[in-house]
Structures are given as structure tokens and as C-alpha cells.
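Trainee: Model the structure of this input:
(chains A and B)
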There are 2 protein chains.
Amino acid sequence: MPGLTPDRGKGIVLAGIVALSLGISLVASAQEPEKVIRSIFDEALTTNVAWSNLTYLCKNTKGRIDGSPAAAEAVEFTRQALINAGADTVWLQQVPVPKWERGYEHCRMISALLGSEDLNISALGLSGGTDHSGIIAKVIEVHDFDELTALGRKQVEGRIVFFNRPADSKLINAMAGYGSAVNQRMQGPSEASKLGALGVIMRSATQAMDDFPHTGTTRFEEGVNKIPAVAVSTVGAEKLSSWLKRDPSLNLHLVSECRNYPDTWSYNVVGELKGTTRAKEIITAGGHLDAWDIGEGAQDDGGGCIQAIETIRIFKTLGIKPKRTIRAVMFMNEEMTGTGGRTYASEARRKGETHYAAIESDRGVLSPRGFSFDADSLRLARLQGLSKYFLPYNIRDFDKGGGGSDIAPLKQIGTLQIGYIPDIQRYFWYHHSANDTLENVNERELQLGSAAIASLIYLIDLLDL
Amino acid sequence: MPGLTPDRGKGIVLAGIVALSLGISLVASAQEPEKVIRSIFDEALTTNVAWSNLTYLCKNTKGRIDGSPAAAEAVEFTRQALINAGADTVWLQQVPVPKWERGYEHCRMISALLGSEDLNISALGLSGGTDHSGIIAKVIEVHDFDELTALGRKQVEGRIVFFNRPADSKLINAMAGYGSAVNQRMQGPSEASKLGALGVIMRSATQAMDDFPHTGTTRFEEGVNKIPAVAVSTVGAEKLSSWLKRDPSLNLHLVSECRNYPDTWSYNVVGELKGTTRAKEIITAGGHLDAWDIGEGAQDDGGGCIQAIETIRIFKTLGIKPKRTIRAVMFMNEEMTGTGGRTYASEARRKGETHYAAIESDRGVLSPRGFSFDADSLRLARLQGLSKYFLPYNIRDFDKGGGGSDIAPLKQIGTLQIGYIPDIQRYFWYHHSANDTLENVNERELQLGSAAIASLIYLIDLLDL
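Mentor: Prediction:
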């Protein structure tokens, strides 16, 4: 086994001896890594537990936005699923979460020249609401904040600002394409509000051209009036833009009876498989349990949660006994304000825990391409050395890159950040929309991802990378 | 530019001079390959022609099995699409095709012990039919031909043979998984018929566990009685197997009023972009136009046809003038007996054409992973050298492997065989089933594949690989 220090070699020999004396339960750790990984993939590919768990999450806890009854049930379901998976200990970690509720929504273009037509919209998380009769106002279309600033208060005040910059389809990394548009959603409403806008309608941040609005959270700066803000489908955005060209003085009727409430409490769900010889060092596999209320949160990120549970289940089923403690974590509130990830990290700091590595699956559960590592060049090279184990599974991408927003706070205590990278070309067809359903997940792709994540954790622990 | 012979270098310089004197039309060929490839991807990713063409094929020529009215309309539509794409010449090539028509289908388990339940079935192409009352017979379950042979005529005669070997989910290459089961469909009915079986029901060759039957062609040996033969969904196969365990003497009622007719005529559709300096050398991009009648033939293989048309359209739109002649070919009758591919090759031989290379897209139009090349090690190494151009597009797989069944007959005249390889993990959820619809194709994945194929053809032509 190339690259092993004497200490590691000894560990393996010892494990072998222990396995011989204790029987079969430790047999996996004495095997060649190639064989263990093959058994991990076989287990994932021939068992329907992951699919069954994801089906439950999608169909029975749809709408599991922070503080919702569905989120409470998702916490309870995954707690039970972790016990069934064989976790030694399962507990809930209290997390403060915002409480925002969607209400009645309606959007219609009204033009004496062109007639009227409804647009498919979805209110942004944490946006302000209207009353039941809504607002009726002229629309001003912009594509970036410079354009908005140039217009100034005089032209923005009393109007609805329409952010209509498309996600850049030409960017091959679909996540970068999303990134090219998403600031309109995150900062757009706050910027428009500062100039006196009555409301914001933003083109959905997606490469898809269809009639699904894609929601997501928005952030108002401290002291800025929380105005109504909605996403419109890309088809709707094209329509609104084309109507505005023909009748710039058309009015938009916008109703969004969403409401912001005081913060409330929810939970991260944590399940642990105790390590054998280095139990104080923790490796975390995580996804987030909260999901946008308009979809089922299948790709984002029910599947990521189920894959984390699968790591525990597969290790337990195959009798793999890791040296380090393996944790599967369902983070709450990734979508709104990220308190789940921050709570997990601050609890770790408070307890003086050592977090060796963390891997997040929050880019959909599509076919695996590889992993990204937020590591210095020396450690990156060691991690890239693992790619040989994944070649038989056509998992070839071992690149430098981030982990994910839920595990990012662990970076402050020196934890290696790893992102699970599936093929995300189609991801933004589903992301944050009513189209994010179980039917748009493929069971085999979910399984392959579970196996990839479990295998990487197994290797990092085995080889002390 | 590494690896160029003086002749190739001169060609590029000459192209540059010609471009300067003729203006912009040749400008692409004088550019760095990296820039041309970037422009190919940009064009593919920002144009909806491919999606619009595929939508037409799926929604207006559904059921385009050999000899059907829908197939005739698909021929006419793609002929027009090739003209619109800018092909210099477009023609039809007459192809003899079998004519088989599906009829009323029904399958029910009847058991005095267990009750009765219907199973979702789909007759296999070229299988024999029943009359309207169908056949009612006992079922004998087998998993391979050895088992069938061991049972012998005594136990098979007068029964319905149930082939129930699952596709091996553990094989990472999903095509190999399919390959592990598909001989039950291809040879199963013929083998069962030889032993006097009344009919065959086979478990669909797919890794999916759902209620869609997956059809496909079957082949009866010369002189063997063409018995009724149907595919049952995997869920149905599990049900039948479990019922048989509890009541081995249950009867199956099988109705399949399909009919075999005398052969008829159809067409390959061919569109050509004439080469500049080596017009007599042809590079073919192809997919097959015929598709199973129960689906829309979106992944298999409408998308492959549209990607071939896209090569012509993209070259024409960008002013790329290849040295060699580029052909887009919609092959007829890939699914039943492969006469389209054989006719194309025999016409090429008859006319003494030089076919430099051929690429086939018939593994779905999912996200691109790369290409397979059926080349000797020297040429393979040269072709693998192209992978550097595809790294920015995350297309990394340049492996040895086959092209595809439609271009395979060209191998006899020495044509390089290339297969376009998308990520096929989810492919067999759609393949040959009612689930192969436009809705299960992602526009961006279709576009990325078109760009990958066009870029590879551009490079092979430019660099004389």
C-alpha cells in the first residue's frame, strides 16, 4: 500500500489481528481498500432504503421550511431513520430559526394597450408582504445594481423594480451560471427598497426557460424596509420584458400575503457511529433538512440528508469500523439564514471537539463526478491520490474547491472542507422550484452518490489523509 | 500547435490567407482551436433550435417505428430541418425495413388461490401475435438458457416461459448492466419456442424498479415458430415471481395482437456540408430516426438525430468551413434489423466514397462525459491528445470503446468509429419505454452534447487525426 507511514501500516495489521480474534465484525477493515469500496458500492446499489427514506421526506414532509409543521416531522423522521441505520447515538441540537410564511400570491400585467395576463411568481423567503388587495404600480426593468443606482430615487420611488438579468448559460459550471444572477435575489430587494421601490419582481436564477418560478431567500440590510419581493419564471420574465417594450406604462398587480414572524426554534439532527481508536476525531457527512415550501426538496437537499444517513447505514451493515467517529448531520435552516451550520460549529467549539473532516452534499443528488477539496496544495495532492480508487466507478474529478455553506463554519476550527460534486448541468431546472420533486431524482444516481461519499470517508479515515 | 506535420501547418496558414482575402466567412478556421470550440459551445448553449426540433420529433412523430406513418413524417421533418440547418445537399436513401405492428395487449395472473391481477406488458418487436382471446397457460420461471435447456421440452411445451434475470445493478457501466440481461429479450423467445413454449414473458432489461415495461426487438432463428413474446415491468416481474412461489400452477392470460407484415421501404435522411480541400473524405455524425412506438423516442434516439443536425447548423452559423465533407445522417431501422446502417455503408462502398470517421450518438442525450474510440493504440493516443481541448467543458473521458451499431458497417471500409458517451446512469429508466419522453430530456444536456460532438468533428478534421 503506497504512501503508508509505519504507524498506519501497523494500524492495519492490528486491525487484522483484532478482526481474526473477534470474528467477522471487523473483517472489512482488514481487507484491501479496493474490496471494501466495491462492497460499499454493491450495498448502495442493491438496497432501496435510501430511496424509501427520500420518498418519505418528499411525500410526507413537503413544505419543510424553517419552523413549519413539516420541518418538525422531518426532524422526527430522520431521527428515527438514523436509529434504524444503526447509529450508536442520535440527538437533536436546538437551532434558532427565522419564521416566514408564504401567503396568497398573484401577479398580473395590466395594460390598456395589450390586455392583461398573469405571471407565475413565488415570493422570496424573508421578503415583506402585501395586504390582500396587493399593490398596483408601474414597472422599471434593470439588469444590475449600477443601472439601478443610475436611475436613482426619482425613477425608482413608487415603482416595482424588475431585475431581469439572465443566468449566464455559457458558463459551463452551472453553479457559476447561477452565481451570475443570484445577487439580484439576495441583494436586489434591499437595494431597490433603499431607493423607495414598492416591490421587486426578479427573473428566476436558472438556466432553464420554463414557467416554474424559482424562489430563495433575500436579505434586507439592517433598517431597510422589507418590501414585497417575488421571483417570476423565466418565461414570465421574457413576457413581462416584451410587454414593457410595447407599453412601458403598463401596471403590475402584485399580491404576496407572506408574513415575517419572530424567530422560533428548530433542530439539527445528529447521528453518530463511534470510532474505534480515534473516537475523539470526528468526520461529518451532512446535508440540510429544511427545503423550500413550493417543492419537495428532493434534490435540494433531501437527497443530501439521505446520503449522509446512508454512510452510517452502509458502514454498520458491512461491519466497517472506522477509527474516527462518523457523524451524519441534517442541518436545519440552510436556506434562510444558515443558523444550523453555525450552531453545529459553535457547539463543537464549546465542547472542544476535534473535527477532522466534513463533507457536504448540497448540489443535488445527480450522477457523481467527484469531490472538491478546500485544502492546501500538499494535502490536496494527498487527497487527489485517492482518485485511483474511484476510477472503476467513473468518478474522476478531484479538484480544489469549496465544501458547502453548512460545514463552512467548521473551517474556523481547522476542519477539512469537502464538497460532493455530482453532474449539475440540469440542477437549476429543479432548484428552489415546484419542479424539485422525487420524480426528478434518479434512484441509481442517489445510490452512486451515497457510495461515493461513504467510500471517501472510509479512505480518509483509513489512510489518515 | 504540437504534433502538426508541415503539411497541416501549411493548411492552416493557407486557410488564414484565404480568410483574409475572402473576408469573415472563413475566419473561424484561422482561429485558435480553443476559440472555435468556445464559439461552438456558446452557439449551442444559447440557441433553442435543437430543443425546438426535438420537441417536434417527440410530440409530432411519436410512434415512429419502422414503416409507420409517424416514421414517414419524421423523415420529412428532419429533411426540412437539415435544409434549415444550412446543409448544401439533403437527400433520402431508400432502406428496406420490416413492418411489425403492435395490437391490443393484456396480461393477467389468474390463481384460484391468490385471485387475479394485471401486469403491465409491452410486446417485443418482431414477436408473434395471439388472437383476440389470447392464450392461457401455466408459467415456468427461468433465469438463463442453461436452466431452460435443463428443463427440456417436457417441462416447457405448452407453457409460457418467464425469463426473470435482473439487469445487474452492480455493474457501474449501466450499458453493461443492460447487457447482462438483454439476451433474454434477443434470443429468449426463439430458444423457448424451440422447446415448444406457447409464449414468453421477460423481465424488462433495466436497472429501474418501476411499472414501465421496456420493449425492444427479438430475433427468431430461421424456421423457428414466432411465438408471442412480451416484456413485463420489473415491478410486474417481481409480482409474478412472488405469486409463482405461492401458487406454481397459476395461469397467465396473455393477449398480444401484434402482427408481422411483409417488408416495406423507408429512408435514411442525409444532409451534407461540402468540404473545402478534402471534400471527398467524409465525416459522418449520426443517430437513428426510428423509435419504439410506446414512447416518444426522445433519449433513444431523437436527441442523437438532432445533435447530428446541430453539427451542420453550428458549423454553418459560425462560418466554420471544414476541409472534409460533414454528413449528418438519420439512420432508419436501428431498432429492428439495422438495415439503415448497412444500406448507408453499402452505398458508400458502391460509390467508392472515403469515410474518414463516423460518430454516433445513441446512448441518450444526457450530460456529456466524453467519447469512446475504436482505434489502434497509436491513433487512440493521438485522439486522446484532444482531451485537453475539452477540459474547460468538464468532458474528461477519452477511452477505447465502440462507436455504435449504425456506423459499425462502415468499419469494413476502414472508417474510424467514435461513440459519444453521455452519463448514462439513468438512461435505462427511459430506454424503450413509455417513459422516454421529451420531459425526461434536459435542454442544456442536449446542447452540451451537440457542442461536444461538433467540437470533436471540427478538431479531427482540422488536425487530420
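Trainee: burial of A:Glu157, as a residue count?
Mentor: 11 (other C-beta atoms under 10 Å in any protein chain shown). In this view, the C-beta of every residue, glycine as well, is placed from N, C-alpha and C.
Trainee: Now do the contacts for it.
Mentor: A:195-197 (C-beta atoms under 8 Å, 6 or more residues apart in numbering or on different chains).
Trainee: which phi and psi does it have?
Mentor: When read as degrees, to the nearest 10, the backbone of A:Glu157 gives phi -60, psi 130.
Trainee: closest to chain B among the contacts of A:Glu157?
Mentor: Minimum distance to chain B across the contacts of A:Glu157 is 30.5 Å, recorded for A:Ala197 (C-beta to the nearest C-beta).
Trainee: bridging residues for the residue nearest to that closest one when sequence neighbours are not counted?
Mentor: In this structure, A:Ala197 finds its nearest non-sequential neighbour in A:Val161, 4.6 Å apart by C-beta to C-beta, 6 or more residues apart in numbering or on different chains. Beta-bridge partners for A:Val161, by DSSP bridges, are A:Ile140, A:Val200.
Trainee: on that earlier part again, which among the contacts of A:Glu157 gets closest to A:Lys99?
Mentor: Taking C-beta to C-beta as the measure, A:Lys99 lies nearest A:Ala197 of the contacts of A:Glu157, at 25.0 Å.
Trainee: from memory the closest one sits against A:Arg153, does it?
Mentor: No. A:Ala197 is beyond contact range of A:Arg153, at 9.4 Å (criterion: C-beta atoms under 8 Å).
Trainee: more crowded one of those two?
Mentor: Shown here are A:Ala197 and A:Arg153; by other C-beta under 10 Å, A:Ala197 has more neighbours (26 against 11).
Trainee: list the contacts for the residue nearest to A:Val255 when sequence neighbours are not counted?
Mentor: Distances taken as C-beta to C-beta, 6+ apart place A:Gly134 nearest to A:Val255, at 3.3 Å, with adjacent residues excluded. Listed by C-beta under 8 Å, 6+ apart, the contact partners of A:Gly134 are A:106, A:253-256.
Trainee: Quick check: which ranges of chain A have low pLDDT?
Mentor: Across chain A, residues meeting the criterion (pLDDT under 70) sit at A:1-30.
Trainee: before we move on, back to that, sitting in strands, which of the contacts of A:Glu157 do you find?
Mentor: Members of those lying in strands (criterion: DSSP state E): none.
Trainee: Mind putting these into a markdown table with distance to B:Met336?
Mentor: Below are these laid out as a markdown table (distance: C-beta to C-beta, whole Å):
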| residue | distance to B:Met336 |
| --- | --- |
| A:Leu195 | 65 |
| A:Gly196 | 68 |
| A:Ala197 | 62 |
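Trainee: returning to that earlier point: buried subset of the contacts of A:Gly134?
Mentor: In terms of neighbour count (16 or more other C-beta atoms under 10 Å in any protein chain shown), the buried residues within these are A:106, A:253-256.
Trainee: State the helix or strand in which the most centrally placed residue in chain A lies.
Mentor: The residue lying closest to the centre of chain A (C-alpha atoms, centre = their mean) is A:Asp362, at 3.5 Å. Using DSSP states H and E, A:Asp362 sits within no helix or strand.
Trainee: for the contacts of A:Gly134, which one is nearest B:Val142?
Mentor: In terms of C-beta to C-beta, no member of those lies closer to B:Val142 than A:His106, at 60.4 Å.
Trainee: In the stretch 1-150 of chain A, mark out all the helices, start to finish.
Mentor: For the stretch 1-150 of chain A, applying DSSP state H, counting those that start in this stretch gives helices covering A:6-22, A:27-30, A:33-45, A:49-60, A:69-85, A:145-156.
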